[in-house]
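J.: Pasted the sequence and its predicted model underneath.
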Amino acid sequence: MSLPVLFVHLVSQEFCAPLAQCKALSEFSVVNADGGSHWLDQWQESKADAAIIDITALSDQELDLLAAGDLFSHQDVILFSEGKPNPKLDQLMLGGSVFHFRTPVDFESVNDTLEDIAGYFFHSQAKRQGVNSSNLDQFGLLVGSSRVMHQLYRTLRRVARTESNVLIIGESGSGKELVANTIHLASERNHKPFIAINCGAISPELVDSELFGHEKGAFTGAHRNHAGVFKQAEGGTLFLDEVTEMPIEHQVKLLRVLETGEYRPVGSQQTLKADVRIVAATNRDPQKAIENERFREDLYFRLSQFPIHVPPLRERKEDITGLALHFLAHRNTEEKQNISISPAALEAIAQHSWPGNVRELKHSVERAYILADDQIEQQHLVFDAPPLQSPSSVEESIPAGVALEEIERAAIMNTLAENQGNKTDTASDLGISVKTLYNKLERYQAKD
């Protein structure tokens, strides 16, 4: 944030030295009146946020000019005087936020007053930023002014103009889909569809159908023709999110399409040509996924013609408070509200580690927005998910005699709801495979 501007016009030398000792001056950009143009003109030209004016030797004409102007109506003004009664001074005191210090001036009180003025300025500036605008740079759907983000922007601009397959690697919540969509928007395919599919959220039995489509009657339940994502994204970009979560036996089919450029819908004898640009993403380390036999090495090399690493939020700390204000500004615009955020809340946001990255920050701001009245305070911020119950409290909460299947079903459904339907994260939290989770969900659905 910029510093408030403080205009200073001192006539009596007895005020100069003690004022210079006020520590609160460091919170201002100080403009001193000089011997050039008239000090009143300099004051107006400075566009100051506050002023210190020594009126001990001002003429009646200058006091009249002060009283007639509107400088007092939008600034905090500190006046120094010798304390002699003056009707014109009394009139000035009615003009706005005016602090009058008489000799001998208590400069500790002056320092406290300057600190209050600066604090109010920073609060108001944070409010203006939060309500009206974002100060972050932007490329495509990405925002951020840090050096690492500008480097990412330049990389995306270059790769977007090619037809190379891209593999985006980044932690959960870091914005991988926004990166993929930005590549699409900056490419020559931007007039065609951008289709995204989460490879970890597809039932293993339906992977082929979702990718390549199927003909009516190809399998039980196939009551009509279905266009797969390769067909839906024709001419555009196909985004394969969490590609390392795709069942290993289906990865070879995807590899074949990437190698030949052809695919065949389930139940069809017709071979179709794939005209899509492939962008894939994973929150896993690809090499570890290969070592753990979760990801085919040949598919990795085919997808990663151009790998891109998306930095986690902790590597772009200078963007954190700007992102918080960005999200607040957009929420205020959507809701037609004027909610601000306190400096203490912004500082707490700046100091948090954000393991959930930009997604966690966005959700925290939105939760705080709902809880706040006129201003988001530190107590409105919720950073971490509620801690899991300890084994002892879980044991105490489950009544005796409940069937194990009911306990298992409750654990699965509650975890699925907590993860907003994300089956990959749910399986990870429960310590089971995605395939096992799908099998259990299908069994529950059959019973219902």
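T.: Sure, I can see it. Residues are numbered from 1 along each chain as shown.
J.: from here on, contacts and neighbour counts on C-alpha atoms
T.: Fine.
J.: which SSE is residue 51 in?
T.: According to DSSP states H and E, residue 51 maps onto strand 50-54.
J.: could you point out which element follows that strand?
T.: helix 60-68.
J.: residues making contact with that following helix?
T.: 88-89, 91-92, 95 (CA atoms under 8 Å, 6 or more residues apart in numbering).
J.: Could you do stretch 219-228 as well?
T.: Applying CA under 8 Å, 6+ apart, the contact partners of stretch 219-228 are 209-217, 265, 267.
J.: cool, and stretch 299-314?
T.: 148-149, 152, 159, 164-171, 174-176, 251-252, 254-255, 258-259, 278-280, 286, 319-320, 353-354, 357-358.
J.: ok so, going back, including neighbour count, secondary structure and distance to residue 439, could the contacts of helix 60-68 go into a markdown table?
T.: Output for these, formatted as a markdown table (neighbours: other CA atoms under 10 Å; DSSP: H, G, I helix; E, B strand; the rest coil; distance: CA to CA, whole Å):
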| residue | neighbour count | secondary structure | distance to residue 439 |
| --- | --- | --- | --- |
| 88 | 13 | helix | 86 |
| 89 | 19 | helix | 84 |
| 91 | 14 | helix | 82 |
| 92 | 19 | helix | 80 |
| 95 | 17 | coil | 75 |
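J.: Which member of these is positioned nearest residue 32?
T.: residue 92 (21.6 Å; CA to CA).
J.: so who does residue 369 touch?
T.: Contacts of residue 369 (CA under 8 Å, 6+ apart): 328, 339, 376, 380.
J.: let's see 7 Å
T.: residue 376 (CA atoms under 7 Å, 6 or more residues apart in numbering).
J.: List the buried residues of the strand or helix carrying it.
T.: Assigned by DSSP H and E, residue 369 falls within helix 357-371. Neighbour-count burial for helix 357-371 flags 357-358, 360-369 (criterion: 16 or more other CA atoms under 10 Å).
J.: distance of residue 186 from residue 166?
T.: From residue 186 across to residue 166, the span is 14 Å (CA to CA, to the nearest Å).
J.: So for the two, which sits in the more crowded spot?
T.: residue 166 (23 against 17; other CA atoms under 10 Å).
J.: Would you confirm that that one contacts residue 280?
T.: Yes: counting by CA atoms under 7 Å, residue 166 does reach residue 280; the two are 6.2 Å apart.
J.: Low-confidence stretches in the stretch 51-200 of the chain?
T.: 67-74, 94-97, 123-133 (pLDDT under 70).
J.: can you pull out the helices in it?
T.: Taking DSSP state H, counting those that start in this stretch as the criterion, the stretch 51-200 of the chain carries its helices at 60-68, 87-92, 107-132, 147-160, 176-185.
J.: before we move on, what about the stretch 251-400 of the chain?
T.: Going by DSSP H, counting those that start in this stretch, the stretch 251-400 of the chain shows helices at 286-291, 297-303, 320-335, 343-351, 357-371, 391-397.
J.: now those helices in TSV, with mean pLDDT?
T.: Formatted as TSV, the helices of the stretch 251-400 of the chain follow (pLDDT from 0 to 100):
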stretch	mean pLDDT
helix 286-291	91
helix 297-303	93
helix 320-335	89
helix 343-351	92
helix 357-371	92
helix 391-397	49
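J.: ok, residue 80 - contacts?
T.: Residue 80 makes contact with 53-55, 100-102, according to CA under 7 Å, 6+ apart.
J.: hmm, I was thinking of residue 348
T.: Per CA under 7 Å, 6+ apart, neighbours of residue 348: residue 378.
J.: domain assignment for the chain?
T.: Using automatic domain parsing, the domain parsing of the chain gives 5-132, 138-311, 318-380, 391-447.
J.: Which of the helices of the stretch 251-400 of the chain sits closest to residue 242?
T.: Closest among the helices of the stretch 251-400 of the chain, using CA to CA: helix 286-291, at 10.8 Å.
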